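> Turn this into a model:
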Amino acid sequence: MFRAKRKDDVVSRKRKEESRYIRMVRAIFKVCQRQRVPLYSSRFSRKDYTLWQHIALIALMQRVRKSYREYANDYLTTTERLLDVLGLSKIPHFTTMEKFLLRAPGALLERVMGGFIGLTRIRYQVFSPDSSGFSPHHASHYYALRTKKDILSGMGKQVRQKERSEK
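Numbers count the residues shown, from 1 in each chain. As a prediction, the model looks like this:
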């Protein structure tokens, strides 16, 4: 039988049609608005791009795992709908985003990130302080010599203890 369209169906279909990256940009803009992030860092700014746009661009770059150059030259040139949502009339040069990260205050980015996590209700986060994924016991001999740490001999002790326990 014919089923009447409900408002929920229309909303869910619209959400499916919308790219996850577009939803991410809208969420970042909402967080910037809630956190009262100013559009420009100074009244003397060039006003080519807003802080909100920079933050969204950097977050997207991290999400798609591209370098500055690949992101600006390859990825952004193929996504017209995303550029419309970002409100960009021209694609920023890759050094623009790089320079923004160098001069942006860390407190601002932390504030926006905290608001984004709260808005999206992320329950847990994977945290890796050195981002290598290795424990310090996997250090090379060269690293141990340079840092003057006795990491490698500690590994030998662990191996000997394991051999004793297996006997």
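> Count the neighbours of the closest residue in space to Leu39 that isn't next to it in sequence for me.
For Leu39, ignoring the flanking residues on the chain, the nearest one in space by Cβ to Cβ, 6 or more residues apart in numbering is Thr50 at 4.5 Å. Just so you know, the C-beta spots here come from the backbone N, C-alpha and C atoms, and that holds for glycine as well. If you count neighbours by other Cβ atoms under 10 Å, Thr50 ends up with 20.
> ok, now how distant is Arg111 from Tyr40?
Using Cβ to Cβ, to the nearest Å, we find Arg111 at a distance of 17 Å from Tyr40.
> Mind checking which of the two has more residues around it?
Arg111 (16 against 13).
> Now for that one, which secondary structure element holds it?
For Arg111, the element it lies in under DSSP states H and E is helix 106-120.
> One more: Ile22?
Going by DSSP H and E, Ile22 is in helix 20-34.
> now do Lys66
With DSSP H and E as the test, Lys66 turns up in no helix or strand.
> Correct me if wrong: it contacts Leu76.
No: the criterion here is Cβ atoms under 8 Å, and Lys66 misses it with Leu76 at 9.5 Å.
> So these two - more neighbours on which side?
Leu76 (22 against 17).
> neighbours around Arg36, how many?
Arg36, neighbours per other Cβ under 10 Å, totals 7.
> Need the pLDDT of it.
pLDDT for Arg36: 91.
> Next: Arg46.
pLDDT, Arg46: 87.
> separation between it and Ser89?
14 Å.
> Show me what whatever helix or strand Ala56 lives in is packed up against.
Secondary structure from DSSP H and E places Ala56 in helix 51-64. Helix 51-64 makes packing contacts with helix 20-34, helix 80-86, helix 94-103, helix 106-120 when contacts are defined by 3 or more Cβ pairs under 8 Å, 6 or more residues apart in numbering; DSSP states H and E.
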